[in-house]
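**Student:** dropping the sequence and predicted coords here.
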Amino acid sequence: MIPTTGLLLGAAAVFVVLAIAVLYRAVRGPTTQDRVLAINVLGTNTVVILALLAAALDVPSFLDIALVYALLNFLVAVAISKFTVDRGGVM
Amino acid sequence: MADHESAPVGDADADADADADSDGPILVPVGESVSLRTTVAHAIDVASDGDRGGVHFVAPVPLHDIDDVDPSVREATQELLERVEAWAAEDDPEGALTVETAIIGADEYLFGPDDYAAVLAAYADEHGIDRLVIDPEYNPRGNASIIQSMEAELASLGFAVEEAPFARRVRRGRFLQRGGRAQFLTLFGVSFLFYQLLGGFAMTRFDLLTGAASAVIVSAMLYRVSLGDRLRVAALARRSARLVLFVPYLLYEIIVSNLLVSYAILHPKLPIEPRMTEVRTAVWGSMPITTLANSITLTPGTLSVLVDGRIFTVHTLVPTAREGLFDGSLERAVRFVFYGRAAAGIATPRERGDCRILGEEDETE
Amino acid sequence: MIEYVAYALAVFVVLTAVATALLRDVLAAIVLFGAYSLGMALLYTLLLAPDVGLTEAVIGAGVTTLLLLLTIARTVRPSGDRTAERVDPRALFACGALAVVFGLTLPGLPAVGDPNAPIVSYEAVTGYYLSNSYADTGVENTVTAVLAAYRGFDTFGEATVVFGAGVATLVVLRREVLT
Amino acid sequence: MLVSVAIVVFLAGGVFFTFVSAVGVLRLPDVYTRAHTASQTDTLGAGLTLVAVALALGLETTTIKTFLLLIFIFITNPTAAHAIARAAYEEGIEPWEETDD
């Protein structure tokens, strides 16, 4: 039998490490769009990590948070993109 | 505003019979839109280049808008036409062209795009016009999908129809569309089901009640935003069935080209060759265009950067992806989903000559 | 295994926090703050506080980002000569309705000092503190005993936050004076 | 057993593609090229991992949420990438083209 729980947690750890790596792009830029892009990737990673944790720890309620986060991630990316194009046009 | 009852400004019938052959004046349907100014300029350009003699700007306004709903609509339309006239005079300082404006359709019941097309055609026939310039953003009754079919309708009636070019700036469209009981109920049903889905279908009285309350709030706020088109159940069912076929194909495309792009990214030399390209796609309407744009972005190696009507500005990462884009397999698949098998097999963008690489022209010079 | 995830997340959170503090571009700092909230939400969830995680996700990453962006967008001198904002009557109605709904719950609350209030009448908890707090903690005021002794760590944390905010304010003010 | 193998395969695929996307975001030369990996490779990575999660959770009502997540990600990720790329384009950021070969 393959230790699924360990694998899922290991994958989660790898995803966090990749998130730290992507953080370099968020800090470095050079443009705002680069940063937003990096945050978007980070957000997708977060959603996946949450899903992995939900499966590994067997807490399905984490999936609800993941759902909220998936939507928020999108909202933030679009809002900032729109903001940088026409200042004040966020809403 | 004083004489707004006499709708046609200027002497409409004077030169009607003189220009009855192919060199007649140009007809431009106008309405409140962001690109109206550029359209007016373009129409004047076309008319002076082709020695067309005149331009007619007409504002189709349906009866039930102009007198039943809001009497000020007529005033506003009249004002719009005066503005257009002033712009036309600006673009044609010598006054070489006869510019005429009119409100049409005010005594008819205009509903679908075909009604608009019919009213425009009647006006055109009356004045010996065979050529139209259409504002890309012109949108009778604010329905996003109506314009393309009005164009098609006019073209099928034997008119030369041309869309004015327009480089769009930041766009602030109206979100609101028409919505009725059907839209409300559909949205309510979907939201309610979604709520129950998140609750794991517990089906307690609390869940049902709060779900219904949330669904009412959601659909009351959004029923005029989210479902624009009239609901046609049969067409929707057929589309959904074809969509089921489309998804595996899209997944296959995604995985294959992902491997390609992954190879390029992991290769130590980074063998990429990014280019901006422009493709004039053969899909119409907001939903198909959205689907195609998203599919293009999802397929690795191609990223839709700007979508302006049917013209997509696509960034491509590797040559293979660029070839795939120009071969138009995704475009064909999207046409298959939305218009059926018959529409799928038309020429590829490459064969149509509807694609080019931006910036290449500069290099050859 | 799970502790490695937590460690990696802790590193992530610290890195984002430092980056947020150090970036000069305000927009970049806002974006990075979103990433920070992202990490914090994950960490809370990992520590089995999903409710806090959810709140952090919504408030930290979503609402705060939008509010900060809006603040940048709106902090300009207004054009035109209107002094006051226009009030949307529908928005006013919605706010009023909300206030009325909340206000309707007021009569349900017990009066001040009501001996039949649930907090007093539920002997098992209240009675325990009233009879044992002096013996347990040596503090004469029961409320103080609960705040400073029974849940002393909570209060300590809150005091730290207030202290930190005070120090930050002083630092910012002093900067302004010096430059 | 078969399910476990499938989980391992999907997890491996997901981690691989997410790794590629991270490398791409770090390595590629400009916003547009980075947007490629952010929208596509990352989406596929997330998708494969979510399938693994769904398999690990087994047949439950909560598993539906995993598929909801999958659909959300597949719709929102390219849209976000498009929004970002468009913002960059409208701000006038020039796409990178190799110059030294």
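**Tutor:** That came through fine.

**Student:** where does residue B:204 fall, phi/psi-wise?
**Tutor:** Here is the backbone geometry of residue B:204 (degrees, to the nearest 10): phi -80, psi 170.

**Student:** pull the number of nearby residues for it.
**Tutor:** Neighbour count for residue B:204, taken as other CB atoms under 10 Å in any protein chain shown: 9. Glycine gets a C-beta too; all of them are placed from N, C-alpha and C.

**Student:** which residues in the chain form strands?
**Tutor:** Looking at chain A here, since you left the chain open. In chain A, no segments count as strands under DSSP state E.

**Student:** that's the wrong chain, I meant chain D
**Tutor:** Remark: no strands are assigned in chain D by DSSP E.

**Student:** give me the below-cutoff pLDDT ranges for it.
**Tutor:** Along chain D, the parts satisfying pLDDT under 70 run over D:98-101.

**Student:** near chain B, which residues of it are found?
**Tutor:** Contacts of chain D with chain B, taken as CB under 8 Å from any CB of the partner chain, map to D:16-17, D:20, D:23-24, D:27-30, D:32-33, D:35-37, D:39-41, D:43-44, D:61-62, D:64-65, D:68, D:74-75, D:77-79, D:81-82, D:85-86, D:88-90, D:95-98.

**Student:** go again with 7 Å.
**Tutor:** For chain D, the residues in contact with chain B (CB under 7 Å from any CB of the partner chain) are D:17, D:20, D:23-24, D:27, D:32-33, D:35-37, D:39-41, D:43-44, D:61-62, D:64, D:78-79, D:81-82, D:85-86, D:89-90, D:95-98.

**Student:** distance check, residue B:264 against chain C.
**Tutor:** Separation of residue B:264 from chain C (CB to the nearest CB, to the nearest Å): 27 Å.

**Student:** ok, that residue to chain A distance?
**Tutor:** Distance from residue B:264 to chain A, by CB to the nearest CB: 18 Å.

**Student:** pretty sure that residue is touching residue B:273, no?
**Tutor:** No: counting by CB atoms under 7 Å, residue B:264 sits too far from residue B:273 to count as a contact (9.2 Å).

**Student:** follow-up on the earlier one: got a quick PyMOL command for the buried subset of the residues of chain D next to chain B?
**Tutor:** Restricted to buried positions by 16 or more other CB atoms under 10 Å in any protein chain shown, the PyMOL selection for those reads:
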select buried, chain D and resi 17+20+23+24+32+33+35+36+37+39+40+41+43+44+62+78+79+81+82+85+86+89+90+95
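
**Student:** in helices, which of the residues of chain D next to chain B fall?
**Tutor:** If you go by DSSP state H, the residues of chain D next to chain B have D:17, D:20, D:23-24, D:27, D:32-33, D:35-36, D:43-44, D:61-62, D:64, D:78-79, D:81-82, D:85-86, D:89-90 in helices.

**Student:** residue B:152: neighbour count?
**Tutor:** Look at residue B:152: counted by other CB under 10 Å, it has 15 neighbours.

**Student:** which SSE is it in?
**Tutor:** Assessed by DSSP states H and E, residue B:152 sits inside helix B:146-156.

**Student:** buried sites along the following helix or strand past that helix?
**Tutor:** Downstream of helix B:146-156, the first helix or strand assigned by DSSP H and E is strand B:160-163. Neighbour-count burial for strand B:160-163, counted by 16+ other CB under 10 Å, picks out B:161, B:163.

**Student:** one more: stretch C:117-133?
**Tutor:** Quick answer for stretch C:117-133 (16+ other CB under 10 Å): C:129, C:133.

**Student:** mind checking pLDDT for residue B:3?
**Tutor:** With respect to pLDDT, residue B:3 scores 40.

**Student:** my bad, should have said residue C:13
**Tutor:** On pLDDT, residue C:13 comes in at 91.

**Student:** pretty sure it is touching residue C:43, no?
**Tutor:** Yes: with contacts counted by CB under 7 Å, residue C:13 reaches residue C:43, the gap being 6.3 Å.

**Student:** count of residues packed around residue B:37?
**Tutor:** Residue B:37 has 16 neighbouring residues, counting by other CB under 10 Å.

**Student:** other SSEs contacting the lowest-mean-pLDDT helix or strand in chain A?
**Tutor:** Across the helices and strands of chain A, mean pLDDT, DSSP states H and E gives its lowest value to helix A:62-85, namely a mean of 83. Here helix A:62-85 touches helix A:32-57, helix C:26-46, helix C:50-55, helix C:64-74, helix D:61-90, going by 3 or more CB pairs under 7 Å, 6 or more residues apart in numbering or on different chains; DSSP states H and E.

**Student:** which of those is buried the deepest?
**Tutor:** The highest mean neighbour count among the helices and strands packed on helix A:62-85, using mean count of other CB atoms under 10 Å in any protein chain shown, belongs to helix A:32-57: a mean of 28.

**Student:** where does chain C have its least confident helix or strand?
**Tutor:** Every helix and strand in chain C was compared by mean pLDDT, DSSP H and E; the lowest is helix C:118-121, with a mean of 76.

**Student:** ok, and does stretch A:16-25 reach over to chain B?
**Tutor:** No: Stretch A:16-25 is not in contact with chain B by CB under 7 Å from any CB; minimum separation 13.8 Å.
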